[in-house]
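Undergrad: quick one, fold the following:
(one chain, ligands or ions: 1)
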Amino acid sequence: MKENVEKPLAAKSIDFTKVLQQIRVFAPATVANMICGFDVLGFAVDFPGDEVVMYKVDQPGVRIRSIKGDDGRLPLDADRNTVSACVQMLLQHLGIQDDIGVEIELIKHMPIGSGLGSSSASTVAGLFAINTLLGNPLTKAELMPFCVEGERLACGHGHADNVAPALMGGITLIRGYNPLDIVSLPVPSELYAGIVFPQVDVPTRDARQLIKEKVLLKDAVTQWGNIAGLIAGLYENDYDLISRSMHDVLIEPTRAILIPEFYEMKRIALEEGALSFGISGSGPSVVAIAKGKEVAERAAARIQAHLDACDIESLKYVSSVNMGGPKVLN
Ligand code: HSE
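TA: Residues are numbered from 1 along each chain as shown. Here you go, the predicted structure:
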């Protein structure tokens, strides 16, 4: 590393002789909004998720070596790809962009534009990988603003309800954005998500443009009562209160029109005993929130069977809440 007294404190703590040669990181998919908490609540799931393999190379700079599983949809140009752009931002922040070179393999295990936080999982995997490679100069809280910037690059808006749970694991509340104030919430142990992705493309950018900017006060009162009720239910481990609270009167009525068979899927999930049912993130994935794996499995299986009967292809994932966030794979 070149001597430079201007470099941030964290950069000075990097021992370049100990930087790892290669690392493979997995970061999880997420269910943003958690039905009633638009842009402020989200949780991580165990799978699917994305992987980043990062290699230290001699030539300084950040490059994309390959992307798998994206059907050629993501840019290989390092300035335009969200993962590499965020890694570059981090190196610049540390003042070491001329001192280190990395190449990235991105392996996508989940569909793009699915409402499962696809771009967030990739960005979090990339940022976690570079930070670990460098010997952890930044804490997870310090990495968070870079993750949010990645979301802004990916879809034009810097919401944190995918990246926060993907990075922290568990259920997170974005108490505030300016400045970012992220709170980890308790996770009831039997909480499961039965997720179904009907294979239609709904880009977050488009799904956000649909939403009305103004809401009625009576709807806002309903919504913040529900958010507060959900959070109280999580603290109290009270599944009835969680169920009563997970309703969205602000966003779902507008976005549901983008999702085929939405109300029939909801009817099926509730009939199977789900605590709640709604849109995962900006859709089109939908989620049945359940107490216990069996209910989540049954709800997701019947929803998928219904979509099959309608000739709509779909993918299904059943998972508990992921508690760890990103992890290093051997
Ligand atoms: N809160 C965001 C939205 C999540 O609903 O648009 C996007 O995945």
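Undergrad: got the phi and psi for the residue in the stretch 1-150 of the chain positioned nearest to the ligand?
TA: Residue nearest to the ligand within the stretch 1-150 of the chain: A32 (3.7 Å; CB to the nearest ligand atom). C-beta here means a position set from N, CA and C on the backbone, and glycine is covered the same way. With angles defined as degrees, to the nearest 10, A32 sits at phi -80, psi 160.
Undergrad: what sits against it?
TA: Taking CB atoms under 8 Å, 6 or more residues apart in numbering, we find A32 in contact with D39, L41, G42, G115, G117, H159, D161, N162, P165, S280, G281, S282.
Undergrad: quick check: residues of the stretch 1-150 of the chain near the ligand?
TA: Counting by CB under 6 Å from any ligand atom, the residues of the stretch 1-150 of the chain lying close to the ligand are A32, N33, F38, D39, G115, G117.
Undergrad: show the buried residues in those residues.
TA: A32, N33, F38, G115, G117 (16 or more other CB atoms under 10 Å).
Undergrad: which residues does the residue of the stretch 1-150 of the chain closest to the ligand form beta bridges with?
TA: Per DSSP bridges, the residues bridged to A32 are G42.
Undergrad: looking at it now. What's its pLDDT?
TA: pLDDT recorded at A32 is 98.
Undergrad: equivalent analysis for G156, please.
TA: On the pLDDT scale, G156 gets 85.
Undergrad: is it true that it touches R205?
TA: Yes: contact criterion CB atoms under 8 Å: G156 and R205 qualify, at 5.2 Å.
Undergrad: which one of the residues of the stretch 1-150 of the chain next to the ligand is nearest to G49?
TA: G49 has its nearest neighbour among those in G117, at 9.3 Å by CB to CB.
Undergrad: residues in contact with the closest one?
TA: Taking CB under 8 Å, 6+ apart, one finds A29, T30, V31, A32, G42, N162, V163, A166, G281 in contact with G117.
Undergrad: what about whichever residue of the stretch 201-330 of the chain sits closest to the ligand, distance to V124?
TA: The nearest approach of the stretch 201-330 of the chain to the ligand comes at G281, 2.9 Å away (CB to the nearest ligand atom). Computed as CB to CB, to the nearest Å, the G281 to V124 distance reads 15 Å.
Undergrad: between those two, who's got more neighbours?
TA: Neighbours were counted for G281 and for V124 using other CB atoms under 10 Å; V124 has more, 38 against 28.
Undergrad: in a helix, that's where the more buried one is, yeah?
TA: Yes: assessed with DSSP: H, G, I helix; E, B strand; the rest coil, V124 lies in a helix.
Undergrad: doesn't L167 make contact with it?
TA: Yes: using CB under 8 Å as the test, V124 is close enough to L167 to be in contact (4.9 Å).
Undergrad: between those two, what contacts are shared?
TA: Joint contacts of V124 and L167 (CB under 8 Å, 6+ apart) are A27, C147, G325, P326.
Undergrad: for those residues, which ChimeraX command selects only the ones that are buried?
TA: Those of the shared contacts of V124 and L167 that count as buried under 16+ other CB under 10 Å are selected in ChimeraX with:
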select :27,147,325,326
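Undergrad: mind listing which of the shared contacts of V124 and L167 are in helices?
TA: C147 (DSSP state H).
Undergrad: which member of the shared contacts of V124 and L167 is positioned nearest L133?
TA: Taking those together and measuring to L133 by CB to CB, the closest member is P326, at 12.9 Å.
Undergrad: is it true that the closest one touches P165?
TA: No: P326 is beyond contact range of P165, at 11.0 Å (criterion: CB under 8 Å).
Undergrad: shared neighbours of these two, anything?
TA: By CB under 8 Å, 6+ apart, the residues touching both P326 and P165 are P28.
Undergrad: hmm, back to that, could you turn the buried ones of the contacts of G117 into a ChimeraX selection?
TA: To isolate the buried ones among the contacts of G117 in ChimeraX, judged by 16+ other CB under 10 Å, type:
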select :29,30,31,32,42,162,163,166,281
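Undergrad: tell me which two of the contacts of G117 sit farthest apart.
TA: V31 and V163 (13.1 Å).
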